[in-house]
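> Using only what follows, build the 3D model:
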Amino acid sequence: MAQISPFYLQIGATVGMLVMALLAIFIRMKASHRPVTIRKILIPPLGMSTGFFMFVVPETHVPLLWALIALLVGWFIFSYPLIRSTRFERVGEEIFATRSRSFAFILLGLLAVRLILHEVIQQYVTIPQTGGLFFLLAFGMIVRWRVYMYKHYKEVLAVQP
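Coordinates of the predicted model:
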């Protein structure tokens, strides 16, 4: 079996993340034309929670304090710009996410910060541990953002048209 250089793996992963970020931006822009539902708000974090199965593999284990810090950084820092750029509006009986011009820049900015953090952190922990820490960071970010979206959705829903 052929060995792939870690340098090329890093380049491939970076390009892959950039493609995924652009895909997320595209999907988000398209989704703003369709009504938001509670299901669409809650399913992504539930689906993402299956990623915790990665911690069954011993190579991904990290100290509990590191895991807690990663989760809290995602919860308090990385989710904040997403929360600030998320708004809903009611059109008749349906609720839509309003387009935010800053959303694409926020996603790309978060990606850039993540890449820089990844370069620093992977010098101190193994690649599987780095993956686990960044999963926790992303999970904290997504859960807080979606909790905010759920509350905001309920507020907009409560206002009579």
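> for the longest helix seen in the chain, which positions count as buried?
Under DSSP state H, the helix in the chain containing the largest number of residues is helix 127-158. Neighbour counts over helix 127-158 (16 or more other CB atoms under 10 Å) mark 128-149, 152-153 as buried. The way it works is simple: take the backbone N, C-alpha and C, and place the C-beta from them, glycine included.
> now that helix, how far from the centre of its chain.
Put simply, helix 127-158 sits 7 Å off its chain's centre (CA atoms, centre = their mean, to the nearest Å).
> Show me what that helix is packed up against.
In terms of contacts (3 or more CB pairs under 8 Å, 6 or more residues apart in numbering; DSSP states H and E), helix 127-158 is packed against helix 38-48, helix 64-73, helix 79-84, strand 88-91, strand 94-97, helix 101-121.
> pull the CA atoms of the fourth one into CSV?
C-alpha atoms of strand 88-91 as CSV (Å, rounded to 0.1, in the frame of the first residue of the first chain):
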residue,chain,number,x,y,z
PHE,A,88,-35.7,35.2,11.6
GLU,A,89,-38.6,37.0,10.0
ARG,A,90,-42.2,36.0,9.7
VAL,A,91,-43.8,36.0,6.3
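> Can you point out the buried residues in that strand?
Buried residues in strand 88-91, counted by 16+ other CB under 10 Å: F88.
> Surely R146 and P44 touch.
Yes: counting by CB atoms under 8 Å, R146 touches P44, with 6.5 Å between them.
> coming back round to it: looking at the helices and strands packed on helix 127-158, which is closest to Q3?
Closest to Q3 of the helices and strands packed on helix 127-158 is helix 101-121 (CB to CB; 22.0 Å).
> Quick one: residues contacting I121.
I121 sits next to T130, L133 when contact means CB atoms under 8 Å, 6 or more residues apart in numbering.
> measure it to T14 for me?
15 Å (CB to CB, to the nearest Å).
> roughly how far is stretch 102-112 from the heart of the chain?
11 Å.
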